[in-house]
Structures are given as structure tokens and as C-alpha cells.
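Enquirer: 3D, please:
(one chain, ligands or ions: 1)
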Amino acid sequence: MRDLLERIDGWRDEQIEFLARLVNHDSGTDDVMDVNGVGAILAERLERLGFGVRRVPSERFGDHLVGDKPGTGPKRFLFVGHYDTVFPSGTAKQRPFRIDAEGRAWGPGVYDMKGGLAALLYALRAHAEAKSRTWVETNVSVVFNADEERLSPTSRPVIEAEAKRAHSVGILEPARPGGEYVMARKGAGTFYLEVKGKASHAGLQPELGASAITDLAHKVAALHALTDFARGTTVNIGTVRGGERPNVVADRAFAEIDLRAWSTAEADTAIAAMQKICERTDVPGTSARFWGQVSFPPWPPGLPGTERLVEIMRAVGGELGVDVRAIATGGGSDGNHTSAIAPTLDGMGPKGSRAHSEEEFVEIATLLERTKMLALFLDRWAREFDQNSRR
Ligand SMILES: [Zn+2]
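Expert: Got it, this is the predicted structure:
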């Protein structure tokens with residue numbers, strides 16, 4: 001164990017430079033060339049560690065990377081991390097990686113989640129170079145996907161297939177702002193509402209029109225009212241569009257809706273209520289269409305498999321003097337998919353805050369800390385986790 005920690009300490013500056021390199025290469029989900037550029041850096045690292053790397057192409061996004069490092073024993077651990085960000089090409093030029101006087105590192109995707117990728121690669125490197133017993137015996141799989149910030153439409157089957165082969169899964173999403181690991185996540189879905197009305201001159205013959213915007217406005221208010229903070233079910237109308245000019249009765253309006261819920265039953269109830277609201281006609285002469293789906297199924301709190309992984313991480317925290325806490329969160333991740341298949345622990349990346357914003361940062365000291373936690377976690381998991389008990 002000391003051997004692993006000393007190695008990781010020795011790579012401190014190099015690891016920060018590696019993180020800087022990842023951050024300074026943009027990889028916005030829709031910029032396929034950029035994404036594949038970062039993918040090449042990651043694939044090369046994995047290969048150097050002894051992984052066989054397979055690139056899984058997708059039609060709209062960059063390649064997903066699937067790495068496999070065989071071991072002599074029966075147990076297999078899967079790590080999942082996405083390397084796309086929400087920031088378009090050119091962002092890293094405008095605000096490249098930097099560390100301020102308070103020890104915060106800034107830059108696009110530094111927290112969500114290039115920090116987690118850098119932590120994992122150095123944790124694995126410590127095992128590989130130490131030729132630890134864990135490394136020799138444990139089968140380690142890795143999926144680095146390129147479309148998570150679009151809710152993993154093309155990587156989901158890849159991740160699920162790897163999760164089926166694995167006895168446990170670690171998700172490299174960042175720690176919550178208080179440093180907490182993540183042991184449950186709300187289900188999340190995106191829904192769409194389109195209203196068609198009838199255009200007419202707003203001054204000459206307004207009575208001949210049917211305003212799609214007015215109809216949509218009624219529905220938006222009713223949909224928002226479905227939010228129930230106590231139950232944790234939220235309906236957010238995130239965008240609305242409609243109409244052409246002020247002097248025309250709008251014949252089209254459109255809204256995008258985000259739904260979150262702790263359970264499938266709760267999500268189904270909310271979807272039925274949304275459907276009902278969207279089916280009624282608030283403005284005569286209009287018609288509405290409602291569609292969408294839950295793309296991240298709920299990962300409910302209290303799964304025994306997840307609890308066992310939290311316990312292992314807690315023991316690791318005890319060794320390193322780190323207080324380990326795990327919480328539930330409303331944000332979705334690929335852990336929503338894997339937790340239905342194999343015991344999953346999420347939030348394994350460094351601590352920071354303000355994901356998806358210009359103020360995104362990580363506390364750079366926690367890059368080192370989380371790297372050590374990952375290395376020791378894998379070690380302890382290999383020794384202690386009973387692979388015959390699944391979820
Ligand atoms: Zn993320």
C-alpha cells in the first residue's frame with residue numbers, strides 16, 4: 001500500500017500537467033474531431049498500462065473507448081467515465097487550464113469530468129508499475145464514452161454490456177461539492193411539447209387566429225405546478241420557442257421539459273399527469289403533441305451492493321484519514337444505467353463545484369487524494385468484495 005501511495009505522490013506535478021493537457025483540448029459532445037483528439041490521448045494511456053483498447057464508433061458522436069486489462073483471477077471491476085464536455089470548440093483557448101492562489105484549478109471540463117479520468121489513469125498506473133497482486137489478479141475494464149452530456153444515447157448499450165461482465169462498477173463523475181461520493185441518483189427524462197395553432201394578422205383579423213403561444217403558456221404553468229419538492233419530483237420547462245413576429249398570431253410553439261424523480265412509479269405518475277395536461281385544449285383551434293422518455297432510470301438509495309462499495313471506500317478513507325460520505329443527488333449519470341446491473345459507486349472524481357458553468361473548478365489537492373483513494377479502493381475491493389453477491 002505504501003508503495004502505491006509513494007508512486008502516486010511522486011507523479012503529483014506530472015499528473016496535474018496531464019489534467020491540464022486534457023482540459024486544454026476541447027471535447028464538446030458535438031465536436032467529433034475534438035472529442036476523438038482527446039480520445040486518442042486516453043487510448044494511448046490505457047494501452048501503455050496494458051489495456052487492449054477497442055474503439056466503438058457512433059454515428060453522431062466521437063468514438064467510445066472500451067479497455068480490457070485481463071487478470072488471472074475471476075473478479076472484474078469496471079470503471080466508467082465520459083470524456084465529452086458541454087463546452088464547444090474554442091472554449092479552452094478562451095479560458096485555458098489554470099490554478100489560482102487558493103489551489104483551485106479552472107478550465108472547461110476540469111471538474112466534469114476530466115479530473116476523474118486523470119485520477120483513474122494514475123491510480124491504475126501505480127498498480128501497473130508496482131505489479132501489485134491486485135493488478136495481476138483482477139480483470140479491469142474501462143469504458144470512456146463520448147456522448148454522456150447528451151445522455152449517453154449511443155454509449156448506453158456499450159456500458160450495459162460491460163457492466164454485465166463486471167462484479168462492480170465505479171463511475172468517475174466528480175465528487176459532490178462537499179467531497180461526497182454518490183450512492184443514488186434521480187431518474188431523468190427529456191420531454192417535448194409542440195403546439196400548432198393558426199396564424200392571422202394580429203391587427204386586421206386576430207379573431208381568425210389560434211395562438212399556439214397562449215395555449216403553450218397555459219400548459220407550461222400547469223406542467224410547472226407538477227413539481228413536488230417534498231417527493232423530489234421536479235418538472236422544469238427549460239426552453240420555449242414560438243411565433244415569428246409581434247403582429248402575427250403565433251401558429252407554432254415548442255417547449256423542452258426536464259423530469260426528475262426518485263422512483264419509476266413516481267416518474268410514471270408524473271408522465272401521466274403531463275400527458276393529461278398536454279392533451280387538453282386550452283385555446284380553441286390549437287392542437288398539441290407531447291412526447292419524450294426517461295433516459296436515465298432512477299438509481300434508488302439503499303441498494304445493498306452500493307452500500308458494500310461505500311463500506312469499502314469508508315475503510316479506505318480510514319486508512320488515509322479521509323472522512324468518506326456518500327449521498328443521493330438529482331443529477332443523472334451513467335451510474336443510473338449500471339446500478340440496475342451491478343453494484344455501483346459514483347462520484348469517484350476530485351472535489352469541486354459549478355459543473356457546466358464558466359465557474360467550474362476542482363480543488364487540485366483532491367486530485368491526488370482521489371487518485372490514492374481509487375488505488376486503495378481497487379486493492380481492498382479485490383481482497384474483500386464477495387463477487388457471488390450481485391446487486
Ligand atoms: Zn459528467
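Enquirer: look at the spatially most central residue of the chain and give its secondary structure.
Expert: Closest to where the C-alpha atoms of the chain average out (C-alpha atoms, centre = their mean) is Ser333, at 3.4 Å. Under DSSP: H, G, I helix; E, B strand; the rest coil, Ser333 falls in the coil class.
Enquirer: tell me who's in contact with it.
Expert: Each residue near Ser333 by C-beta atoms under 8 Å, 6 or more residues apart in numbering is listed here: 148, 171, 173, 182, 185, 296, 346. C-beta coordinates here come from the backbone N, C-alpha and C atoms, glycine included.
Enquirer: state the pLDDT value of the closest residue to it other than its chain neighbours.
Expert: Distances taken as C-beta to C-beta, 6 or more residues apart in numbering place Glu173 nearest to Ser333, at 4.8 Å, with adjacent residues excluded. With respect to pLDDT, Glu173 scores 97.
Enquirer: what about Glu173, helix or strand, and which?
Expert: Using DSSP states H and E, Glu173 is not contained in any helix or strand.
Enquirer: give me the neighbour count for it.
Expert: 29 (other C-beta atoms under 10 Å).
Enquirer: wait, it sits on Lys114?
Expert: No. Using C-beta atoms under 8 Å as the test, Glu173 is too far from Lys114 to be in contact (11.4 Å).
Enquirer: counting contacts, what elements does the longest helix seen in the chain pack onto?
Expert: Identified as the longest helix of the chain according to DSSP state H is helix 365-384. Where contact means 3 or more C-beta pairs under 8 Å, 6 or more residues apart in numbering; DSSP states H and E, helix 365-384 is packed against helix 2-10, helix 12-24, strand 76-82, helix 115-130, helix 133-137, strand 168-171, helix 304-320.
Enquirer: tabulate these (CSV), appending distance to Ser152 and mean neighbour count.
Expert: Putting these into CSV (distance: least, C-beta to C-beta, whole Å; neighbours: other C-beta atoms under 10 Å) gives the following:
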stretch, distance to Ser152, mean neighbour count
helix 2-10, 30, 15
helix 12-24, 20, 18
strand 76-82, 8, 27
helix 115-130, 16, 25
helix 133-137, 29, 17
strand 168-171, 12, 28
helix 304-320, 20, 18
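Enquirer: ok, which of these comes nearest the ion?
Expert: strand 76-82 (5.6 Å; C-beta to the ion).
Enquirer: packing partners of the helix or strand just after the closest one?
Expert: Going down the chain from strand 76-82, the next helix or strand is helix 91-94, by DSSP H and E. Applying 3+ C-beta pairs under 8 Å, 6+ apart, we find helix 91-94 packed against no helix or strand.
Enquirer: show me where the stretch 201-350 of the chain has helices.
Expert: Along the stretch 201-350 of the chain, the segments classed as helices by DSSP state H, counting those that start in this stretch run 212-224, 264-279, 304-320, 335-338.
Enquirer: make JSON lines from these and add mean pLDDT and distance to Ala92 to it.
Expert: Converted to JSON lines, these look like this (pLDDT from 0 to 100; distance: least, C-beta to C-beta, whole Å):
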{"stretch": "helix 212-224", "mean pLDDT": "98", "distance to Ala92": "36"}
{"stretch": "helix 264-279", "mean pLDDT": "97", "distance to Ala92": "37"}
{"stretch": "helix 304-320", "mean pLDDT": "97", "distance to Ala92": "32"}
{"stretch": "helix 335-338", "mean pLDDT": "96", "distance to Ala92": "27"}
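Enquirer: of all these, which lies closest to Gln94?
Expert: When those are compared by C-beta to C-beta, helix 335-338 sits nearest Gln94, at 31.1 Å.
Enquirer: what residues does the stretch 51-200 of the chain put near the ion?
Expert: 112-113, 173 (C-beta under 5 Å from the ion).
Enquirer: who are the contact partners of the spatially closest residue to Glu129 that is not a sequence neighbour?
Expert: Closest residue to Glu129 apart from its sequence neighbours, by C-beta to C-beta, 6+ apart: Arg7 at 6.2 Å. Contact analysis of Arg7 by C-beta under 8 Å, 6+ apart lists 125-126, 129-130.
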